[in-house]
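Novice: Whatever this is, show me its structure:
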Amino acid sequence: MRACFTITRAVLLAAGFLGLALWLGAAIGETSISMDVVARTVANRVFHADYPLDAIDEGIIWNYRLSRAVVAACCGAALAVSGVVLQALLRNPLADPYILGISAGASMGAVSVAIMGFGAGLLTMPLGAFLGALLAFTLVSLLALRAGRGNSAIILAGVAGSQLFNALTSFIVTKAANAEQARGIMFWLLGNLSGVRWPDVWLALPATVLGLAICLWHSRALDAFTFGSQSAASLGIPVRRVYIVLAGISALMTAIMVSIVGSIGFIGLVIPHAARMIVGVRHGRLLPFAALIGAIFMIGADIVSRTMIPGQVLPIGVITALFGAPAFALILCQRRSTP
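Specialist: Below you'll find the predicted structure:
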């Protein structure tokens, strides 16, 4: 009974923090809108209340800021969960979708569909991004196996793969895009939430919830992978099947987020380490907590990107790098100083 009460309290507390972050994300911007207006707008749109509100303020909140905040939360949660999973599967604290080239491969796939029309109209940007992410992860894994230098090989292979797919993306943009397309694509590749609307929410939210649920279902297997694949196999874990499922889910979540907001770094690298410092290494607690921190961090980064420079929106990837790089440096220093 006490365990159930503790879990319920934790869920309610997490929902409260996330709700507050979404509330602030809808209220804060270049045009300041009170949180009371945000609450009444949600009540009007969701519960069909009849509060008298200014049409412009209501439109800004519902059509622009709230959908943007929800997608930012989904993106942060999905990338953080992907980072946790990849670090456990590969037993490498530096593994994340950005460093391993998965984000670069997804960007290349999405740009190929958007600009060059690969797939003859049968491929959408999310599907093209997923195929690109799978291709990148497969090539990086094969290169790491060929190198055979332990856990560091996957990182070195990921850096090489990331550079390769970034170069292919730049080549496609330079060769096939006009000047206007090139500007839009390059801004999007740095991380851009400006064009996000509710249809993007109906893609990002199910992908994040389903991905988190599948990863939580395999949380015990991830705990076993922490001690190595041989130890996991000795505990009865179907190593190959779990590896394929979880790596595929990580690639899928990353690809969907890249297709919506572009390539964003440091979320999948920094957030898992921060979450481990608070709740430990058990993945049953680590995965949802990392998702929560990632969601709140991305909403905060989006707020900063809209308010740091008046009249200008910065790419959100710039904000995550500005905060993520020093945070990761602090984590590295703390890990080194820990006996």
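Novice: Quick check: which ranges of the stretch 51-200 of the chain have low pLDDT?
Specialist: 118-122, 148-151 (pLDDT under 70).
Novice: where along it do the strands fall?
Specialist: Under the criterion DSSP state E, counting those that start in this stretch, the stretch 51-200 of the chain carries no strands.
Novice: Point to the residue nearest the middle of this protein.
Specialist: Leu79 (2.6 Å; CA atoms, centre = their mean).
Novice: How about the contacts made by it?
Specialist: Asp96, Pro97, Met253, Thr254, Met257, Ile264, Ile267, Gly268, Ile271, Gly294 (CB atoms under 8 Å, 6 or more residues apart in numbering). Every C-beta, even on glycine, is put in place using the N, C-alpha and C of the backbone.
Novice: If we use 7 Å, what do you get?
Specialist: Residues counted as contacts of Leu79 (CB atoms under 7 Å, 6 or more residues apart in numbering) are Pro97, Thr254, Met257, Ile264, Ile267, Gly268, Gly294.
Novice: what separates it from Gly280, distance-wise?
Specialist: 21 Å (CB to CB, to the nearest Å).
Novice: and the residue of the chain positioned farthest from its centre, what does it touch?
Specialist: The C-alpha centroid of the chain is most remote from Pro52, which lies 36.8 Å away (CA atoms, centre = their mean). Counting by CB under 7 Å, 6+ apart, Pro52 makes contact with nothing.
Novice: Start the count at 29 instead of 1 going forward.
Specialist: Shifting the count to begin at 29 puts that one at Pro80.
Novice: Gly322 - how many residues pack around it?
Specialist: The burial count assigned to Gly322 is 31, neighbours taken as other CB atoms under 10 Å.
Novice: That one against Cys102, yeah?
Specialist: No: the criterion here is CB atoms under 7 Å, and Gly322 misses it with Cys102 at 9.5 Å.
Novice: Which residue is the nearest non-sequential neighbour of Ala71?
Specialist: In this structure, Ala71 finds its nearest non-sequential neighbour in Ala77, 4.1 Å apart by CB to CB, 6 or more residues apart in numbering.
Novice: tell me the SS of the one you found?
Specialist: coil (DSSP: H, G, I helix; E, B strand; the rest coil).
Novice: State the number of residues packed around it.
Specialist: By other CB under 10 Å, neighbour count at Ala77 equals 13.
Novice: Ala241 now?
Specialist: Per other CB under 10 Å, the neighbour tally for Ala241 reads 11.
Novice: now swap in the one 5 residues further on and tell me
Specialist: Neighbour count of His246, defined by other CB under 10 Å: 21.
Novice: same deal with the one 4 residues further on?
Specialist: The criterion is other CB under 10 Å. On that basis, Leu250 has 25 neighbouring residues.
Novice: need the contact list for it.
Specialist: Leu250 neighbours (CB under 7 Å, 6+ apart): Val113, Ala116, His311.
Novice: can you give me phi and psi for the last one?
Specialist: Think His311. Dihedral pair for His311: phi -70, psi -20, per degrees, to the nearest 10.
Novice: what's the burial count for it?
Specialist: Other residues within reach of His311, judged by other CB under 10 Å, total 23.
Novice: contacting residues around Arg211?
Specialist: With CB under 7 Å, 6+ apart as the criterion, no residue contacts Arg211.
Novice: whoops, Gln340 was the one
Specialist: Gln340 sits in contact with no residue, where contact means CB under 7 Å, 6+ apart.
Novice: Report pLDDT for it.
Specialist: Looking at Gln340, its pLDDT stands at 84.
Novice: Roughly how far does it sit from Gly57?
Specialist: To Gly57, Gln340 is 13 Å away according to CB to CB.
Novice: likewise Gly133?
Specialist: The gap separating Gly133 from Gly57 is 33 Å, by CB to CB.
Novice: Please say which of those two ends up with more neighbours.
Specialist: It is Gly133, of Gly133 and Gly57, that has more neighbours when counted by other CB under 10 Å, with 35 against 18.
Novice: Next one: that one from Gly186, what distance?
Specialist: 10 Å.
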